[in-house]
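>>> take this sequence and fold it.
(2 chains)
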Amino acid sequence: MPVIHSATSFVKIGMGHSGFYSPGTKGRIRRDGLAVADTLLVARRMPQPDMTAQKTDQAEIDRLNDLTSRVARQRDRQAFVALFQHFAPRLKSFLLRAGMEAGAAEETIQDVMVTVWHRAESFDPAQAAVSTWIFAIARNRRIDRLRRDRRPTIDPNDPALVPDEADGSMETMLVEERAAELHRAIRELPPEQADLLRMAYFEDKAHSAIAAERQLPLGTVKSRLRLAVARLRKLMAGSLEGETA
Amino acid sequence: MTNTPHHHPDSDLLLAYAAGTLAEAPSLVVATHLALCPHCRAEVAGMEAIGGALLSADAGMAVSDGLLSDVLSRLDGPPPAEAPRRRLAPVGPAPVLPEPLRSYIGGDIDHIRWRRTIPGLHEANVKCSGGAVRMMRIRSGMGMPQHTHRGDEFTLVLAGGFSDDTGHYLRGDFAATDPSVDHRPVADDDGDCICIAFTDAPLRLTGRFLRWLNPLMRV
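Next comes the predicted model:
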């Protein structure tokens, strides 16, 4: 069934950006309504955030950002090597879980990292975290390699594109901060949701195939994934409430 | 204020698109909705961020010793070749069909080669892997035969509008139906309704008089 998004969905902030989100204007308008009740409920149930882990996340995100901008601006090979050392093992795991053979996975890692080198200038830290940018490059390469079909995408310059609503009034929550929140929120997911979420991203499988593998009804897989995404939104919204209070 | 859609794909569908596991045919309908829906674009961006966070959180696996030097030796060479992307030259100022659909059609709405299927309905297949995608043009005010689905059907309105039991759908609105939905969509009476639809199994006519047509329904 079609779904009308609730107030606590991802809403981008800032001008013309779609790479980040917050419980933006829509959430705020409805702060007297159900959305707030939901958020508070979740905030109360939430375990105390592990501040040390969160600071480590933040430091790591800042470091990766800095490395990428050194590659972009100074063509800094040492910074590139550090990016490789961080991402190559993770990409290998990502590609092997998608069913690639080790050789093909390493060739794909080469392609991804060489693309990172060539396209570093197009990386915009105001739009997304480095890991998000590299995830998207790796995902597209994986589709090329495994399926050989196309992934239809929008053209940002298309005259028929309905532009983003400008939310110039929103305070800008830095993308790096959002990314650190997301890391924490993922650690706090219930295990059965985290398991399916990892499968949905890492294994090149339709949700029906995931259902078969986990011996769950398709409806259960879909609803757990929806819950996981909704929960990540709420956990992030909850921690934002805490910060602004 | 531009009209933005009121009916959106379910989040598990957007998730499959963001994760890169959705086949080309349903992706075409989802991506065409994204062109018309800033809200879902932000959703997908958020889901890509989840992918990035999952990638970061992974423990990783050792890579071969020579991999780094292989990569370094390629840095001064050309960037890796990418799958060719269909993109047409810019069209007029306000095309009806957004990208990526326009490139699949080979132009705007006047490039569609319609064929009549049943009275009041014209269709045109869109070449795509991973399922059947077709354009539909329903004559203004016309009701489609009562039908249900053997699998999933995703419909996106591009011009005009239609209504069924589940609501009223206008440009940019996304309707998802499955075998539990038995409906009779009726086009708005203020102009032809043009849609793109993905189906992964043939429709099944359920109205009393049109069941005999079932063997003739190709999609």
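>>> what ranges do the helices span in chain B?
With helices called from DSSP state H, chain B shows them at B:11-19, B:24-36, B:38-57, B:67-74, B:101-105.
>>> quick one, which of those helices gets closest to chain A.
Chain A lies closest to helix B:38-57 among those, at 3.2 Å (CB to the nearest CB). (C-beta placed from N, C-alpha, C; glycine too.)
>>> chain center to the closest one: distance?
20 Å (CA atoms, centre = their mean, to the nearest Å).
>>> with stretch B:146-161 instead?
A distance of 11 Å separates the C-alpha centroid of stretch B:146-161 from that of its chain, computed with CA atoms, centre = their mean.
>>> tell me if the helix or strand encompassing residue A:59 is near chain B.
Residue A:59 is part of helix A:51-74 when elements are defined by DSSP states H and E. Yes: on the criterion CB under 8 Å from any CB of the partner chain, helix A:51-74 is in touch with chain B at residue A:60.
>>> what is the mean pLDDT for that helix?
For helix A:51-74, the mean pLDDT works out to 88.
>>> please list the outside residues in contact with it.
Residues from elsewhere that reach helix A:51-74 (CB atoms under 8 Å, 6 or more residues apart in numbering or on different chains): A:76, A:79-80, A:82-83, A:86, A:116-117, A:120-121, A:123, A:125, A:129-131, A:133, A:176-177, A:179-180, A:183-184, A:187, B:56.
>>> so which of those residues are in helices?
Judged by DSSP H, helices contain the following of the contacts of helix A:51-74: A:79-80, A:82-83, A:86, A:116-117, A:130-131, A:133, A:176-177, A:179-180, A:183-184, A:187, B:56.
>>> sorry, back to before: is it possible to export the helices of chain B to a markdown table including mean neighbour count?
Shown next, in a markdown table, are these (neighbours: other CB atoms under 10 Å in any protein chain shown):
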| stretch | mean neighbour count |
| --- | --- |
| helix B:11-19 | 25 |
| helix B:24-36 | 25 |
| helix B:38-57 | 24 |
| helix B:67-74 | 16 |
| helix B:101-105 | 21 |
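>>> tabulate those helices (a markdown table), appending mean pLDDT.
Output for those, formatted as a markdown table (pLDDT from 0 to 100):
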| stretch | mean pLDDT |
| --- | --- |
| helix B:11-19 | 95 |
| helix B:24-36 | 97 |
| helix B:38-57 | 93 |
| helix B:67-74 | 97 |
| helix B:101-105 | 93 |
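>>> could you dump these into CSV and include distance to residue B:119?
Formatted as CSV, these follow (distance: least, CB to CB, whole Å):
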stretch, distance to residue B:119
helix B:11-19, 33
helix B:24-36, 26
helix B:38-57, 35
helix B:67-74, 60
helix B:101-105, 24
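>>> can you tell me the centre-most residue of the chain?
I'll assume chain A. Central residue of chain A (CA atoms, centre = their mean): residue A:132, 5.6 Å from the mean position.
>>> looking at chain B here, not the other one
Closest to where the C-alpha atoms of chain B average out (CA atoms, centre = their mean) is residue B:29, at 0.6 Å.
>>> for that residue, give me its contacts.
Residues in contact with residue B:29 (CB under 8 Å, 6+ apart) are B:133, B:154, B:155, B:156, B:174, B:196, B:197, B:198.
>>> contacts made by stretch A:206-223 with the rest, please.
With contact meaning CB under 8 Å, 6+ apart, stretch A:206-223 is reached by A:195-196, A:199-200, A:203, A:205, A:225, B:10, B:12, B:16, B:21-23.
>>> can you tell me which of those are buried?
Among these, those classed as buried by neighbour count (16 or more other CB atoms under 10 Å in any protein chain shown) are A:196, A:199, A:200, A:203, A:205, A:225, B:10, B:12, B:16, B:21, B:22, B:23.
>>> residue contacts, the closest residue to the fifth one other than its chain neighbours?
By the measure of CB to CB, 6 or more residues apart in numbering or on different chains, the closest residue to residue A:205 outside its immediate chain neighbours is residue B:21, 6.3 Å from it. For residue B:21, the contacting residues are A:200, A:204, A:205, A:206, A:207, by CB under 8 Å, 6+ apart.
>>> gap between residue B:21 and residue A:132?
Separation of residue B:21 from residue A:132 (CB to CB, to the nearest Å): 17 Å.
>>> next: residue B:60.
Residue B:60 sits 17 Å away from residue A:132, going by CB to CB.
>>> just residue B:141 next, same as before
Using CB to CB, residue B:141 is found at 47 Å from residue A:132.
>>> same question for residue B:55.
Separation of residue B:55 from residue A:132 (CB to CB): 8 Å.
>>> go on, residue B:98?
From residue B:98 over to residue A:132 the distance is 24 Å, taken as CB to CB.
>>> so who does residue A:85 touch?
Residue A:85 sits in contact with residue B:68, where contact means CB under 8 Å, 6+ apart.
>>> go again using 6 Å as the cut-off
Neighbour list for residue A:85: empty [criterion: CB atoms under 6 Å, 6 or more residues apart in numbering or on different chains].
>>> what segments of chain B are strands?
Secondary structure of chain B by DSSP state E: the strands cover B:115-118, B:121-126, B:132-138, B:147-149, B:153-159, B:161-164, B:167-170, B:174-177, B:186-187, B:193-199, B:203-205.
>>> nearest to chain A, of the ones you listed?
Evaluated with CB to the nearest CB, the strands of chain B place strand B:174-177 nearest to chain A, the distance being 5.5 Å.
>>> could you say what helices and strands that closest one packs with?
Using 3 or more CB pairs under 6 Å, 6 or more residues apart in numbering or on different chains; DSSP states H and E, the elements in contact with strand B:174-177 are strand B:153-159.
>>> now for residue 189, how many residues are close by?
Picked chain A for this. Applying other CB atoms under 10 Å in any protein chain shown, we find 18 residues neighbouring residue A:189.
>>> wait, chain B
Residue B:189: 12 surrounding residues under other CB under 10 Å.
>>> and for residue B:66?
Residue B:66, neighbours per other CB under 10 Å, totals 10.
>>> how close does it sit to residue A:110?
In this view, residue B:66 and residue A:110 are 11 Å apart by CB to CB.
>>> joint contacts of those two?
Here residue B:66 and residue A:110 share no contacting residue, scored by CB under 6 Å, 6+ apart.
>>> list the contacts for residue B:69?
By CB under 6 Å, 6+ apart, the contact set of residue B:69 is empty.
>>> so what's the residue count around residue B:81?
Residue B:81 is flanked by 8 other residues according to other CB under 10 Å.
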